[in-house]
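> Predicted coordinates and the sequence they were generated for:
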Amino acid sequence: MNTSGTMAHRSRKQLFLLSSSLALIATVTFTPLAHAQFAPVGSRRMGFAMINDALYIQGGFDTDASNQFISLDLSTSWSTTSPSWTQLKDGQSTTHLALAPISAASNGGTKGSLLAIGGMSTPVFFSSFDINSGQWQNMTGVKAPYTYLEGHAAVSDPNTGLVYMIGGYGANNTYNQLSVYDPKAKSMASQSSATAATSLTDVAAVWASARNSVLTFGGTRAPPANTNGLGSGDLSEYVPSSKTWKTMVRKTIETTMGFFSFVRGDGLGGMSVSVCVCVCVWCV
């Protein structure tokens, strides 16, 4: 019996099995795993703002107050059925807040920042997210204008950096008309209150660059006042240079663009038609 030949054959077989096992382990170990795309939790009453061609959304209400903070790059294309959301470091757990952009030129850091303002059950009234570092900072050194505020809107003046907080209401029947935050000084610049009859909540606001003003529309009166909607035709303007509010009046302008006519072939009549176009505009 050739024992040396048998042992050599067995050794080669064992070596082959060992090599095959190592190859399998290497394959399992180094094959990259596919990661599922991040899908944010749907919410309402959240804060949102745009800066650097990106949309940021923080907080809101799903089954409870949420601390979710996400962004969406608007400079690239993505599928509407599967947007490329990015999950960011969680903010405060709150709803009914406002979010405003702070540019780099307005003391917002090298890439700018986002200011979270108020909300329900918020431990800190002001908090700031630095885009470059990806970190939140509770701004406990800034004296808050209210204990808490909900239902307000916020816009930033790109010329001065000032943040305008419009509307909203808080504890003990307090109503905000317009409060202004200065990010360069990191302090409140002004604060004015409203009454229940002139209160405004759930209002939409936007900075109008062509007019250098804040435009507001929609919303309701704050509780316990009449909370019926104000209507989409209610458009107001705040002009910072004069510190005045104006009511935009909707007017309908009718203008005749032209006419055409035709005559029946049998000579029994015809018709002329004027084309009238009605245009709705808002005037100060």
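Thanks, I have the structure now. Residues are numbered from 1 along each chain as shown.

> what about the residue positioned nearest the centre of the chain, which SS state?
When the chain is reduced to its mean C-alpha position, the closest residue under CA atoms, centre = their mean turns out to be Phe48, at 1.9 Å. With DSSP: H, G, I helix; E, B strand; the rest coil as the basis, Phe48 sits in strand.

> what is it paired to in the beta sheet?
Beta-bridge partners of Phe48, counted by DSSP bridges, are Ile57.

> just Gln87 next, same as before
Per DSSP bridges, the residues bridged to Gln87 are Ile70.

> Could you check the pLDDT of it?
Gln87 is assigned 91 on the pLDDT scale.

> Where do the helices of this protein begin and end?
Here the chain has its helices, by DSSP state H, at 3-30.

> So if we follow the domain assignment, how does it break up?
Following automatic domain parsing, one finds the domains of the chain at 47-210, 252-283.

> Quick one: the strands in the stretch 1-150 of the chain, in order.
For the stretch 1-150 of the chain, the strands defined by DSSP state E, counting those that start in this stretch cover 47-51, 54-58, 69-73, 85-87, 98-102, 113-117, 126-130, 135-138.

> For Ser242, which of the domains of the chain is the nearest?
Nearest of those to Ser242, taken as CB to CB: domain 47-210 at 13.3 Å. C-betas here are computed from N, CA, C, even on glycine.

> and the closest residue to Pro83 other than its chain neighbours, how far is that from Ser192?
Once flanking residues are discounted, Pro83 sits nearest to Leu72: 5.7 Å by CB to CB, 6 or more residues apart in numbering. From Leu72 across to Ser192, the span is 34 Å (CB to CB, to the nearest Å).

> more crowded one of the two?
Leu72 (16 against 11; other CB atoms under 10 Å).
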